[in-house]
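Participant: here is my input, please return the structure:
(one chain, ligands or ions: 1)
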Amino acid sequence: MTSQGWKDTRKQVLAVLSLLLLFFSFPLYSGQAQAASVTITNGPVWNDTTGGTIQAHGGSVIKVGSTYYWFGEDKLHNAASFRNVVCYSSTDLKNWKWVSYPLKPSSNTELANSKVERPKVIYNESTSKYVMWMHYENASDYSLGRVAVATSDTVSGSYTYQGSFRPLGYESRDMTIFKDDDGSAYLISASNSGGGANDSLASFKLTDDYLGVSTFLGWVAPSGHREAPEVAKQGGKYFLITSGASGWYPNQAKYMTASSMSGPWSALQNLGNSSAFFSQSNYILPVQGTSATTYIYMGNRWNSSLLGDSRYIWLPLTLSGSAGTASLEWQSSWGIDAATGVVTLPALTNLSAGKSATASSSASGYEASRANDGNYQTEWKASAVTWPSWWQVDLGATKTVKEVDISWFLYNGSEAYHQYTIQYSTNGTTWTTIDRTSNTTYGFTTDTVNFSARYVRINLVNAVLWNNPNNWYTPTLYEVKLLGN
Ligand code: DGJ
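Facilitator: Model prediction:
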């Protein structure tokens, strides 16, 4: 072969090798993107990358480049008073590294003896500043009803405190900041339209530098007693998610929609179950991936007697701008790929849905079947205040049950936790009991189990009301989901 011939052959071999490399690297690349999926597990304590408990309660997340920064309240001292605003970072939304205390009691004299809640950080392109908005109170009560603002040149640096104020004179407690695609930013806070603290939400447009508010846009859900507001935008529609105002206790989340941040906002509509799966909203995180945009509902499962042990509940939130609907379903664990935005749900089905149900008694119009009709708003209720009472489902055949999710009765301001047992049987006569009478979780319980049964019975042993020594509840279940495959 001539030297030119060798060169040509070498070129051809190189070309084939390059093609082979391209061919094999594509599936490898796809494989890597898939491998970036992480599992979010709701319920247990979440630790940071060095093993400390994540202290980022009531907070928010901002993405800078490909890194997510999670800001929140440090409640390590198990008190409501201000300890620190904490910042963690992550690229996969699961492994969070402690980064800094961007705001501390020593940052300003006004912060030394205060409360700082629900920190939200947005970036202002025109001033090149990161701007943090917070709910500000004195340490002893919630009478000030103010916002506070702090700024920084870097996302996780030391923020310079700019002061606290009532926006345009309006009271402001639980609040959120929403930055729109066009750079306009908005404040929505639990305010007072004349009926007392938190009676109505107030909506404001921020000034161009995000350091103050320029316009009062109106009352939202007037006299609705909503708090914990969070905003997301999907398909050109704005979604405003709130909780009811009941201190640290969970309750029914609701959402409203609007075509403009100036409103008008739709009527309040229910989201999730009666206790938002025992959580209170604190942020909606849009994860804009290469294949999908996923919205993460970030909720707080407050533990008022041990605030530092309050947990984080993150769930995929389904928003449809075109239909104007939002829906939220419980997942004990689920996957999110921060690169692609793709959600992976566990392969479990609701075995109890629509199956034949009975109960120890049923009030007229509150049949047993209402507790497994897939609707969190309809309930089975016993015919009298009789404890214990029971509810039972026949799965039609022996099935393997992996998880028992129960949505319990809650009445705003009279929240209770339920003591109960789960019994299961293959023949309806011999039963095995799982004792959950030591439960202290409000509104929603999820039990990981692994049994095979045709009949499953929930015994409602007692309800313990935090504000009432007597259990006046009539045994009631909103929904029982037996998950399995
Ligand atoms: C509910 C709020 O959402 C929390 O941030 C906190 O302020 C508690 N109320 C205090 O009771």
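Participant: what sits against the residue nearest to Pro102 when sequence neighbours are not counted?
Facilitator: Using Cβ to Cβ, 6 or more residues apart in numbering and skipping the chain neighbours, the partner closest in space to Pro102 is Tyr159 (4.7 Å). (Each C-beta comes from the backbone N, C-alpha and C, glycine too.) Taking Cβ atoms under 8 Å, 6 or more residues apart in numbering, we find Tyr159 in contact with 85, 102-103, 107, 130, 132, 150-152.
Participant: in strands, which of these fall?
Facilitator: 85, 102-103, 130, 132, 150-152 (DSSP state E).
Participant: that older thread, what's the most distant pair in the contacts of Tyr159?
Facilitator: Put simply, by Cβ to Cβ the two of the contacts of Tyr159 set farthest apart are Ser107 and Tyr130, 14.5 Å from each other.
Participant: show me what the stretch of helix or strand Asn459 belongs to is packed against.
Facilitator: Assigning secondary structure by DSSP states H and E places Asn459 in strand 444-465. Other helices and strands packing on strand 444-465, by 3 or more Cβ pairs under 8 Å, 6 or more residues apart in numbering; DSSP states H and E, are strand 389-408, strand 416-425, strand 432-436, strand 476-484.
Participant: output those in JSON lines, with mean neighbour count appended to each entry.
Facilitator: Below are the helices and strands packed on strand 444-465 laid out as JSON lines (neighbours: other Cβ atoms under 10 Å):
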{"stretch": "strand 389-408", "mean neighbour count": "20"}
{"stretch": "strand 416-425", "mean neighbour count": "21"}
{"stretch": "strand 432-436", "mean neighbour count": "13"}
{"stretch": "strand 476-484", "mean neighbour count": "23"}
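Participant: let's have those strands in JSON lines, adding distance to the ligand.
Facilitator: Listed next are the helices and strands packed on strand 444-465 as JSON lines, based on distance: least, Cβ to the nearest ligand atom, whole Å:
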{"stretch": "strand 389-408", "distance to the ligand": "20"}
{"stretch": "strand 416-425", "distance to the ligand": "18"}
{"stretch": "strand 432-436", "distance to the ligand": "27"}
{"stretch": "strand 476-484", "distance to the ligand": "23"}
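Participant: in a markdown table: the ones you listed, plus mean pLDDT and distance to Trp96.
Facilitator: Below are the helices and strands packed on strand 444-465 laid out as a markdown table (pLDDT from 0 to 100; distance: least, Cβ to Cβ, whole Å):
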| stretch | mean pLDDT | distance to Trp96 |
| --- | --- | --- |
| strand 389-408 | 98 | 26 |
| strand 416-425 | 97 | 29 |
| strand 432-436 | 98 | 31 |
| strand 476-484 | 98 | 28 |
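Participant: right, so of those, which gets closest to Gly163?
Facilitator: Taking Cβ to Cβ, strand 416-425 is the member of these nearest to Gly163, at 41.1 Å.
Participant: contacts for that closest one?
Facilitator: Residues from elsewhere that reach strand 416-425, judged by Cβ under 8 Å, 6+ apart: 401, 404, 406, 408-410, 431-443, 445, 447, 449, 451, 453-466, 471, 473.
Participant: which members of the residues you listed are classed as buried?
Facilitator: Among these, those scoring as buried are 401, 404, 406, 408-410, 436, 439, 441-443, 445, 447, 449, 451, 453-461, 463-464, 471, 473 (criterion: 16 or more other Cβ atoms under 10 Å).
Participant: need phi/psi at Ala292.
Facilitator: The phi/psi pair for Ala292 (degrees, to the nearest 10) reads phi -160, psi 160.
Participant: right, and it touches Thr340 too?
Facilitator: Yes: Ala292 is within contact range of Thr340, at 6.6 Å (criterion: Cβ atoms under 8 Å).
Participant: of these two, which one has the most company?
Facilitator: Using other Cβ atoms under 10 Å, the more surrounded residue of Ala292 and Thr340 is Thr340, with 18 against 12.
Participant: surely the more buried one meets Thr290?
Facilitator: Yes: using Cβ under 8 Å, Thr340 is in contact with Thr290, at 5.2 Å.
Participant: list the contacts of Gly354.
Facilitator: Each residue near Gly354 by Cβ under 8 Å, 6+ apart is listed here: 369, 372-374.
Participant: mind checking pLDDT for the residue of the stretch 251-400 of the chain found nearest the ligand?
Facilitator: Here the residue of the stretch 251-400 of the chain nearest the ligand is Gln280; by Cβ to the nearest ligand atom that distance is 5.6 Å. At Gln280, the model reports a pLDDT of 97.
Participant: I'd guessed it sits against Tyr297; true?
Facilitator: No: judged on Cβ under 8 Å, Gln280 makes no contact with Tyr297 at a distance of 10.8 Å.
Participant: the ligand contacts on the protein?
Facilitator: Residues of the chain lying close to the ligand (Cβ under 6 Å from any ligand atom) are 58, 117-118, 174, 227-228, 247-248, 280.
Participant: and stretch 213-223, what's buried?
Facilitator: Buried residues in stretch 213-223, counted by 16+ other Cβ under 10 Å: 213, 217, 219-221.
Participant: check stretch 173-192 too.
Facilitator: Buried residues in stretch 173-192, counting neighbours by 16+ other Cβ under 10 Å, are found at 173-179, 185-192.
Participant: and the two most separated of the residues you listed?
Facilitator: Lys179 and Asn192 (25.6 Å).
Participant: can you give me phi and psi for Leu271?
Facilitator: Note on Leu271: its backbone torsions stand at phi -130, psi 120 [degrees, to the nearest 10].
Participant: returning to what we had before: what subset of the residues of the chain next to the ligand is buried?
Facilitator: When the residues of the chain next to the ligand are checked against 16+ other Cβ under 10 Å, the ones flagged as buried are 58, 117-118, 174, 227-228, 248, 280.
Participant: can you put those in TSV and add distance to Leu306 and secondary structure?
Facilitator: As requested, these are exported to TSV (distance: Cβ to Cβ, whole Å; DSSP: H, G, I helix; E, B strand; the rest coil):
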residue	distance to Leu306	secondary structure
Gly58	16	strand
Glu117	17	strand
Arg118	20	strand
Asp174	21	coil
Glu227	22	strand
Ala228	20	strand
Trp248	11	coil
Gln280	16	strand
